[in-house]
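S.K.: need the 3D shape of this:
(4 chains)
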2 protein chains.
Amino acid sequence: MSSEIRLTPTSFIVLGLVEAAGEATPYDLKNMVGASLGNFWSLQHAQLYSEPQRLATAGYLAERRETSGRRRRHYRLAAEGKRALREWLAEPTAELTEMRDLALLKIFFGANPVEMAAEQVEAHRNKLAEYEDIMKQAGADLPPGVRLSLEAGILAERTWLDFWSRHAE
Amino acid sequence: MSSEIRLTPTSFIVLGLVEAAGEATPYDLKNMVGASLGNFWSLQHAQLYSEPQRLATAGYLAERRETSGRRRRHYRLAAEGKRALREWLAEPTAELTEMRDLALLKIFFGANPVEMAAEQVEAHRNKLAEYEDIMKQAGADLPPGVRLSLEAGILAERTWLDFWSRHAE
DNA sequence: CAATCAATAGTCCAGAATAGACTGTCTAAG
DNA sequence: CTTAGACAGTCTATTCTGGACTATTGATTG
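M.R.: Okay, the predicted model is just below:
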C-alpha cells in the first residue's frame, strides 16, 4: 500500500508479465523476458529484482516469500496492480518508436557505411531468422498480441536487412 | 587530461557534434541535436551541459569560458577527443537496433491494436512527412552520413506506417 | 525611456536505469 | 563426496531521465 511511486514502462512490463504468469519469481520474469519481450525491449535482469519490490511496497503486487532454502520471492498481482495495468493498456499512445542504433549513429558522424554494413547484414539476418523460426514453430498458438509484436519485429528486421544490404555492395 | 572516464554513446555524440561545429556551446549542441540526430537518438538537454564538462576534465575537449554576461562555455575538440572519435568511428559494430515502442509494448500485453493504430498511423505519417520534407529541401547538400541516416529514418517510418495502417481498418 | 514579454541559455535534483562484478544454492555425474 | 554447471539473487558506481527552476538578452510598445 501507500507511497505513491512513478509507474514507468518497466513497471508495466513487470505487472504484465506477472499477470500472464499468475505468480512469478524475478527469475521467472527474467526467463519470460528473454524468451519474448527482450527481443524488442531490453531490460537489465537486476531490475526484475528491484522493480517488483518497489511495486510490492506500493501495493501493486503481493509478495510471498519462501521461508527456507533460496527464500525466493513470489509475486502476484494485487487489485491495485490489475487496475493500473488495465488502465495503461486501455490508453493509446501517440509516442513513436524510439530507436537507438549504434551503427546508424556512426554513419551519421561519417563512418564508412560499407564497413559497417557487413557486420550489420549478418546480425540482422540472424535476428530475422530467429524471429521467423519462432513464428513458424509457435506462431499459431501465440496470444494475438504477442504474435502481432513478433510480426512487427520481423517487419522491422526485414527493413534493416534491406537497408544494410543495399550499402554492402 | 587525467582521470579516465567511460565513453558512452552520449560522449561520442558530443564529440561528433563539436567536431562538426568546430566550436560549440551546449546550447548550440542542443540545437544541432534537435535538428538532426534527435530524430533517432533522444537526449536530455541537461546532458549536453554535463557531458562536455566530463569530457573536458578528462582531456577530450578544450573549454573556453566567457568572462562576462552568460559566461557561456565554448568547447572544441582536443587531440585526445579527435583520436577517440576517429577510433570509435572506425570500429564497426554488430550491435542491433534497439527499439522501444510503447504502442508495441501495450499490444504485446493485450491492448487493442485497432485503437492503438489510429494514433500511431497519425504520428508516423507526420514524422515521415517531416523527414521527406527535409530530404526534399536539403537532401542534396547534406553530408553523406547525415543523408544516409535520414534515408534510414524514412525507411523505418514507412515500415511502421505500413504496419499500423494494416491494423487500423 | 521603462516595462514587459518572448526567446535564449543554463542549472539543479530526485529518482530510475545501466553495466557488470559478485555471491550463494542446488543437482547430477564421476 | 566433490565438483561443475545451471540456477538464483545481490550489490555498487555511474549514467540517464524528467522536469522544475533561474537568469540573461533582445525586441516591442506605451
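S.K.: adjacent strands (with direction) for the helix or strand bottoming out on mean pLDDT in chain A?
M.R.: Taking mean pLDDT, DSSP states H and E as the measure, chain A has strand A:98-100 as its least confident helix or strand, at a mean of 90. The pairing partners recorded for strand A:98-100 under DSSP bridges are strand B:98-100 (antiparallel).
S.K.: the partner strand and DNA strand D in contact?
M.R.: No. Interface with DNA strand D: strand B:98-100 contributes nothing (CB under 7 Å from any atom of the strand), its closest point being 9.6 Å away. Yep, even glycine has a C-beta here, placed from its N, CA and C like the rest.
S.K.: and the strands in chain A?
M.R.: A:61-65, A:73-77, A:98-100 (DSSP state E).
S.K.: most packed of the ones you listed?
M.R.: strand A:73-77 (a mean of 20; mean count of other CB atoms under 10 Å in any protein chain shown).
S.K.: average pLDDT for that one, rounded please.
M.R.: Per-residue pLDDT over strand A:73-77 has a mean of 95.
S.K.: which elements pack onto that strand?
M.R.: helix A:9-21, helix A:47-57, strand A:61-65 (3 or more CB pairs under 8 Å, 6 or more residues apart in numbering or on different chains; DSSP states H and E).
S.K.: wait, A:Ala84 touches A:Ala58, no?
M.R.: No. The criterion here is CB atoms under 8 Å, and A:Ala84 misses it with A:Ala58 at 9.7 Å.
S.K.: quick check: buried residues in the top helix by length along chain A?
M.R.: Counting residues, the longest helix found in chain A (DSSP state H) is helix A:113-138. For helix A:113-138, burial by neighbour count (16 or more other CB atoms under 10 Å in any protein chain shown) applies to A:113, A:116-117, A:119-121, A:123-124, A:127-128, A:131-132, A:134-135.
S.K.: and these near DNA strand C, which?
M.R.: Among these, not one lies near DNA strand C by CB under 7 Å from any atom of the strand.
S.K.: what is the nearest of these to DNA strand C?
M.R.: A:Ala123 (16.3 Å; CB to the nearest atom of the strand).
S.K.: I'd like the distance between the closest one and A:Val146.
M.R.: Using CB to CB, to the nearest Å, A:Ala123 is found at 23 Å from A:Val146.
S.K.: ok, A:Leu155 next?
M.R.: 15 Å.
S.K.: A:Gln44 now?
M.R.: 22 Å.
S.K.: the two: who's more crowded?
M.R.: For A:Gln44 versus A:Val146, the count of surrounding residues by other CB atoms under 10 Å in any protein chain shown is larger for A:Val146: 20 against 11.
S.K.: no more questions from me, cheers.
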